[in-house]
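Colleague: got a predicted structure here, sequence first:
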Amino acid sequence: RSGVDLKGKNAVVIGRSNLVGLPVAMLLMHRNATVTIVHSKTNDVPGVVKNADIVVAAVGRAEMVKGDWIKEGAVVVDVGINSVDDPSAKRGYRLVGDVDYKAAKENASQITPVPGGVGPMTIAMLLRNTLNSCRRS
């Protein structure tokens, strides 16, 4: 729907959780992307990410992925949601993703915001699946 052709693209998934990282990696492979999964034991994480045409960040660390890790024209999907202390914010904190959005958007051709990117889509899909399940029973 976004117009991004995954076929033959280098995709890096940061995080190997059973909930997000591994399923996203499988989805990308089924769309014929070449997938690398980055995790806590990966050597030279910035170097691996810098070669990616598509970056999916699902690591659970606030703004871990820096802007200079993102290749010019890459597509960035930030799945993370983290709270960081911010005394200037009304609640004393603000929500950020796993990607440093301000820095990464300078290089990315497309990037999902946090909050408001992947989260609302996740909720919509959960509701759709619940409705479909009710219809089948």
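Modeller: Yes, it's here.
Colleague: what does Asn43 show for phi and psi?
Modeller: phi -80, psi 140 (degrees, to the nearest 10).
Colleague: in stretch 56-69, what counts as buried?
Modeller: 56-59, 62-65, 67, 69 (16 or more other C-beta atoms under 10 Å). Heads up, the C-betas are built off the backbone N, CA and C, glycines and all.
Colleague: mean confidence score for the longest helix that the chain contains?
Modeller: Longest helix in the chain, counting residues (DSSP state H): helix 118-136. What helix 118-136 shows for mean pLDDT is 89.
Colleague: can I get the CA coordinates of it in CSV?
Modeller: C-alpha atoms of helix 118-136 as CSV (Å, rounded to 0.1, in the frame of the first residue of the first chain):
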residue,chain,number,x,y,z
VAL,A,118,2.6,1.4,13.7
GLY,A,119,0.6,1.5,16.9
PRO,A,120,-2.8,2.6,15.5
MET,A,121,-2.4,0.0,12.7
THR,A,122,-1.7,-2.7,15.3
ILE,A,123,-4.9,-1.9,17.1
ALA,A,124,-6.9,-1.8,13.9
MET,A,125,-5.6,-5.2,12.9
LEU,A,126,-6.3,-6.7,16.3
LEU,A,127,-9.9,-5.4,16.1
ARG,A,128,-10.3,-6.8,12.6
ASN,A,129,-9.0,-10.2,13.7
THR,A,130,-11.3,-10.2,16.7
LEU,A,131,-14.3,-9.3,14.5
ASN,A,132,-13.4,-12.0,11.9
SER,A,133,-13.0,-14.6,14.8
CYS,A,134,-16.5,-13.7,16.1
ARG,A,135,-18.0,-14.0,12.6
ARG,A,136,-16.5,-17.5,12.2
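Colleague: quick one: contacts of it?
Modeller: 77-79, 81, 112 (C-beta atoms under 8 Å, 6 or more residues apart in numbering).
Colleague: again, only using 6 Å
Modeller: Outside of helix 118-136, the residues within contact range by C-beta atoms under 6 Å, 6 or more residues apart in numbering are 79, 112.
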